[in-house]
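In: With the input below, show me the fold.
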Amino acid sequence: MSKKIGQALHLAKSGNLIVKGEFFVKSTLTVYDDTGKNIGYVIETFGPINSPYVSVKLTTEKTRKLLGKDLYVKER
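Out: Residues are numbered from 1 along each chain as shown. All right, here's what the predicted structure looks like:
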C-alpha cells in the first residue's frame, strides 16, 4: 500500500528534489513515482507542520519527468 507524500516542485542546487508535502515524512524512507518505481529516499522534511516540504535524494537520472508528479512512500 502506498501513501502519497506530495507533488514534486523543483530541483534544489544540491541536486535534491523538493516536494510540497502533505505530512511530515521520516528520513531514509524510500520514495516511489506513480508507477511504483523507486526514485530516491527522503533526506529531510522541513517547514511548517501543516504544510511541509520534503527533500528527496534521487537515485534516478530522469529528474525532469518527475517535476509536477505525485510521489509516494510505502506504508508499513
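In: all contacts plus neighbour counts: C-alpha atoms, from now on.
Out: Fine.
In: how long is stretch 41-56 from one end to the other?
Out: Using CA to CA, to the nearest Å, the end-to-end distance of stretch 41-56 comes out at 5 Å.
In: Quick one: mean pLDDT over it.
Out: Rounded to a whole number, the mean pLDDT of stretch 41-56 is 96.
In: Show me what counts as buried in that stretch.
Out: Residues Tyr41, Val42, Ile43, Glu44, Thr45, Pro52, Tyr53, Val54, Ser55, Val56 are the ones in stretch 41-56 that count as buried (16 or more other CA atoms under 10 Å).
In: The fifth one bridge partners, please.
Out: Note on Thr45: beta-bridge partners Val54, judged by DSSP bridges.
In: That one: what's it in contact with?
Out: Applying CA atoms under 8 Å, 6 or more residues apart in numbering to Thr45 gives the contacts Phe24, Val25, Lys26, Ser27, Pro52, Tyr53, Val54, Ser55.
In: Now render these as a markdown table, adding distance to Lys65.
Out: Output for the contacts of Thr45, formatted as a markdown table (distance: CA to CA, whole Å):
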| residue | distance to Lys65 |
| --- | --- |
| Phe24 | 24 |
| Val25 | 22 |
| Lys26 | 24 |
| Ser27 | 23 |
| Pro52 | 22 |
| Tyr53 | 19 |
| Val54 | 18 |
| Ser55 | 17 |
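In: Spell out which two among the residues you listed are the most distant pair, please.
Out: Among the contacts of Thr45, the pair separated by the greatest distance (CA to CA) is Ser27 and Pro52, at 13.4 Å.
In: Poorly predicted segments of the chain, please.
Out: For the chain, residues meeting the criterion pLDDT under 70 lie at 76.
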